[in-house]
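Undergrad: curious how this folds, go ahead:
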Amino acid sequence: MVIRTMKSALAVVSATALAMVILATPAQASDTGLYGQTDPSADGVYRQSLAMLGLTAAGLTPARSAVNWLLSQQCADGSFQAYRADTSAPCAPSDPEAFTGPDTNSTALAAMALEAVDENRAAARAAGALVRGAQTSGRQSAWPYNFGGTPDASSTGLVVNALDSVGANSATIAGGKRWLRARIIPCGRTYGGAMRNDTSSPAANNFATAQGLLGLTDALPVDEKADPQPNPRCSGAAATRTSSYLARTLSRDGVLTYSGFGGKDYGSTSAAIIGLGGADVGQQGIRTAVAALKRDARSWITTDAGNSVGAAGWLLMVATSTGENPRSFGGVNLIQAITGSIR
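TA: Prediction:
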């Protein structure tokens, strides 16, 4: 009888302790509205923003819970980091060495996604954080991935596009475009028209070139079908020179590769298609690249942990820009891949 009483008492104590732990743990309900079932710790804001930009490109309104989730992730200074498990705690400082804390890519994409759903105040706060985080030299402005790090062309391109989309400081935008132009390899050289990623690397970089073109053309958000002219020659304006490299490379290879590593870089390929559409050129390159993306769409989106909604967001924007069917892109319903994944 004593043993049974002790067991009952222990059960009560254990249940009480468990309840206290549950109450003390940040509620997972904070992820209500998040698109995608995969672990968000490294890409929550990034993929949510791409998913929302894809849906709005297709003429659809993201779920209100999805918009609220993104709003809840914003830091006090307007910036965004990859993911905040506990939104009641302040954002940690940006750490370029550890790649933690607020970053320019999450902030830029979130600014555009929020602007696209008419959350203008939050978008303007994000743009303000980007303007304050600009690294300026003379009349040039540039951005790293993490605030305080080494500036690169891929981040600068995305930020400049975001600032232009939100209607931020025009002098900062102009400075960013000057910095991007200085990264372009001269025509006539090997890889002429491509961009170098940063001031320390002389090599052409496909990721930098694709996102750099977004900054030169302000091609995001996508809201209509583009009408591109044929592939351009490497001459004239900066956007034309960069477009010539991307269109030429896509016409030959279909999919861009990870510079220095190899392998298919579908994200940069999607950005290149959108950027070429924004520049109104690259017809042959776009056609070849879209065919390649349609062939590989299912394998890019599908992961063991669930569909990649970031990939689906990119492809939705590609579909809108090129007039493809978003409900059957390479046999994949891109809209369902996103909307059906919401938590």
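
Undergrad: please enumerate the strands of the stretch 101-250 of the chain.
TA: For the stretch 101-250 of the chain, applying DSSP state E, counting those that start in this stretch gives strands covering 135-137, 140-142.

Undergrad: which of the ones you listed sits most buried?
TA: Across those, averaging neighbours per residue (mean count of other Cβ atoms under 10 Å) puts strand 140-142 on top, at a mean of 24. Placement of C-beta: from N, CA and C, glycine included.

Undergrad: contact partners of that one?
TA: A134, Q135, P151, D152, T156, T172, G175, G176, R178, W179, A182 (Cβ atoms under 8 Å, 6 or more residues apart in numbering).

Undergrad: and of the residues you listed, the nearest to S308?
TA: D152 (23.5 Å; Cβ to Cβ).

Undergrad: I figured the closest one hits T209, correct?
TA: No. Using Cβ atoms under 8 Å, D152 makes no contact with T209, being 11.8 Å away.

Undergrad: what about the two, which has more around it?
TA: Taking other Cβ atoms under 10 Å, D152 and T209 do not tie; T209 has more neighbours (33 against 26).

Undergrad: show me what contacts the more buried one?
TA: With Cβ under 8 Å, 6+ apart, T209 has these contacts: A153, G193, A194, M195, T242, Y245, L246, S268, A272.

Undergrad: not counting sequence-adjacent ones, nearest residue to the first one?
TA: Going back to what we said before, that points to A153. Using Cβ to Cβ, 6 or more residues apart in numbering and skipping the chain neighbours, the partner closest in space to A153 is A208 (3.8 Å).

Undergrad: who's in contact with that neighbour?
TA: D152, A153, S154, G157, R183, M195, R196, N197, S259.

Undergrad: which of those residues ranks first by neighbour count?
TA: Neighbour counts for these (other Cβ under 10 Å) peak at M195, which has 34 neighbours.

Undergrad: what's the spacing between that one and S243?
TA: 12 Å (Cβ to Cβ, to the nearest Å).

Undergrad: quick revisit: a markdown table for the strands of the stretch 101-250 of the chain, including mean pLDDT and distance to V45?
TA: Shown next, in a markdown table, are the strands of the stretch 101-250 of the chain (pLDDT from 0 to 100; distance: least, Cβ to Cβ, whole Å):
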| stretch | mean pLDDT | distance to V45 |
| --- | --- | --- |
| strand 135-137 | 96 | 22 |
| strand 140-142 | 98 | 22 |
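
Undergrad: now a PyMOL select for only the buried ones of the contacts of T209.
TA: Paste this into PyMOL to select the buried members of those, with burial taken from 16 or more other Cβ atoms under 10 Å:
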select buried, resi 153+193+194+195+242+245+246+268+272
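
Undergrad: could you export the contacts of T209 as JSON lines, including pLDDT?
TA: Shown next, in JSON lines, are the contacts of T209 (pLDDT from 0 to 100):
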{"residue": "A153", "pLDDT": "98"}
{"residue": "G193", "pLDDT": "98"}
{"residue": "A194", "pLDDT": "98"}
{"residue": "M195", "pLDDT": "98"}
{"residue": "T242", "pLDDT": "98"}
{"residue": "Y245", "pLDDT": "98"}
{"residue": "L246", "pLDDT": "98"}
{"residue": "S268", "pLDDT": "98"}
{"residue": "A272", "pLDDT": "98"}
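
Undergrad: what's the most distant pair in the contacts of T209?
TA: By the measure Cβ to Cβ, G193 and S268 form the most distant pair in those, at 15.0 Å.

Undergrad: which parts of the stretch 201-343 of the chain are helices?
TA: 206-217, 238-253, 266-279, 283-301, 309-322, 334-339 (DSSP state H, counting those that start in this stretch).

Undergrad: of all the residues in the longest one, which ones are buried?
TA: Neighbour counts over helix 283-301 (16+ other Cβ under 10 Å) mark 283-290, 292-294, 296-297, 300-301 as buried.

Undergrad: roughly how far out does it sit from the chain middle?
TA: Mean-position distance between helix 283-301 and its chain equals 19 Å (Cα atoms, centre = their mean, to the nearest Å).

Undergrad: show me the contact partners of it.
TA: Residues outside helix 283-301 that contact it (Cβ under 8 Å, 6+ apart) are 226, 228-231, 246-251, 254-255, 264, 266, 269-270, 272-273, 276-277, 307-308, 311-312, 315, 318, 322, 324, 329-332, 334, 337.
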